[in-house]
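Engineer: 3D, please:
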Amino acid sequence: MAIKTDKHPSCFGILNSVFPVSENGLRETPASCFKCTYKTECLKTAMGGFEGIEVHEEILDRAYESGIIGFFGRWSKKKDMHRQKKIMQKNTGEEL
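Structural biologist: Numbering: from 1, shown residues only. Down below sits the predicted model:
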């Protein structure tokens, strides 16, 4: 959920604009964002919504696939992330 005001650029808080998936399948901040004065606030806003939880799920899935985390650890963290999404949905009215 992006919070836009007159002072922010049009891409502010839009996850796929400020933290898109690159050609190698990982998320990277575009070079154009590095010169923006709102880059930190923007990325925090983008990661604070549903899409941010999905990014954390992507990271968790990669950790499981590489053997860094076990099945039950992954299951527990995914369950917690799902709870967070439900709370966000209840508070904001957005869909899962």
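
Engineer: what's the longest helix along the chain packed up against?
Structural biologist: For the chain, the longest helix by residue count, based on DSSP state H, is helix 71-92. Helix 71-92 is packed against helix 50-65, with contacts defined by 3 or more CB pairs under 8 Å, 6 or more residues apart in numbering; DSSP states H and E. The way it works is simple: take the backbone N, C-alpha and C, and place the C-beta from them, glycine included.

Engineer: and the helix it packs on, which residues are buried?
Structural biologist: 50, 51, 52, 53, 57, 60, 64 (16 or more other CB atoms under 10 Å).

Engineer: if we can go back for a sec, quick one: mean pLDDT over the longest helix of the chain.
Structural biologist: Helix 71-92 shows an average pLDDT of 93 in the prediction.

Engineer: now stretch 32-49
Structural biologist: For stretch 32-49, the mean pLDDT works out to 92.

Engineer: Send me it as CSV with only the CA atoms.
Structural biologist: Taking Å, rounded to 0.1, in the frame of the first residue of the first chain, the C-alpha atoms of stretch 32-49 are listed here in CSV:
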residue,chain,number,x,y,z
SER,A,32,17.6,5.4,-10.9
CYS,A,33,16.4,5.0,-7.3
PHE,A,34,19.9,5.6,-5.8
LYS,A,35,19.8,9.3,-6.5
CYS,A,36,16.3,9.8,-5.1
THR,A,37,16.1,11.5,-1.7
TYR,A,38,13.1,9.3,-0.7
LYS,A,39,14.7,5.9,-1.5
THR,A,40,14.8,4.6,2.1
GLU,A,41,11.4,5.8,3.0
CYS,A,42,10.0,4.5,-0.3
LEU,A,43,11.4,1.0,0.0
LYS,A,44,10.2,0.8,3.7
THR,A,45,6.8,1.8,2.5
ALA,A,46,6.8,-0.7,-0.3
MET,A,47,8.0,-3.5,2.0
GLY,A,48,5.5,-2.7,4.6
GLY,A,49,2.5,-4.0,2.7
